[in-house]
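[1] sequence and predicted model, in that order:
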Amino acid sequence: KDLEKYKGFEKLAGSRKTVYEGIVEHLEKLKTSFGAKPHEGLPEEALYLCDTVKPLMAKLRAAVDAAENLMEKGAYPYPTYEAMIYSHHF
């Protein structure tokens, strides 16, 4: 929905398309990586999750944070950190 507002004016959309495509790319890498985790034992699985999966999760989180900063609050499909933390003040 956010990109639809810029149809015909793509230059005004800034980095939105790149950021949104980055989310999909990071999510696919995370899914693939998680599906490839070893099942040899808990220590090996824990190391894999820590060394391989966790950094991919951080990259996805950074991409989602960047998208959150670009989108109007009404277009964001999830509550923002601000809304979750400070909702009792509204």
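    Received, thanks.
[2] switch to C-alpha atoms for all contacts and neighbour counts from now on
    Will do.
[3] so where's the longest helix in this structure?
    For the chain, the longest helix by residue count, based on DSSP state H, is helix 16-35.
[4] just the strands in the protein please.
    For the chain, strands defined by DSSP state E do not occur.
[5] ok, the residue most central in space within it - contacts?
    In the chain, the C-alpha nearest the mean C-alpha coordinate belongs to residue 64, at 3.3 Å (C-alpha atoms, centre = their mean). Shown in contact with residue 64 (C-alpha atoms under 8 Å, 6 or more residues apart in numbering): residue 23.
[6] I'd like the distance between it and residue 3.
    Separation of residue 64 from residue 3 (C-alpha to C-alpha, to the nearest Å) stands at 15 Å.
[7] please apply the same query to residue 45.
    According to C-alpha to C-alpha, residue 45 and residue 3 sit 39 Å apart.
[8] next one: residue 65
    From residue 65 to residue 3 the distance is 17 Å (C-alpha to C-alpha).
[9] same thing with residue 58?
    For residue 58, the distance to residue 3 - C-alpha to C-alpha - is 25 Å.
[10] ok, now residue 49?
    Applying C-alpha to C-alpha, the value for residue 49 to residue 3 is 34 Å.
[11] higher neighbour count, these two?
    Taking other C-alpha atoms under 10 Å, residue 49 and residue 3 do not tie; residue 49 has more neighbours (17 against 13).
[12] mind listing what that one touches?
    34, 37.
[13] at 10 Å what do you get?
    Residues near residue 49 by C-alpha atoms under 10 Å, 6 or more residues apart in numbering: 33-34, 37-38, 43, 55-56.
[14] what of residue 5?
    Shown in contact with residue 5 (C-alpha under 10 Å, 6+ apart): 12-13.
[15] buried residues in the lowest-mean-pLDDT helix or strand in the chain?
    Here the helix or strand of the chain ranked lowest by mean pLDDT, DSSP states H and E is helix 81-86, holding a mean of 79. Buried residues in helix 81-86, counted by 16 or more other C-alpha atoms under 10 Å: none are found.
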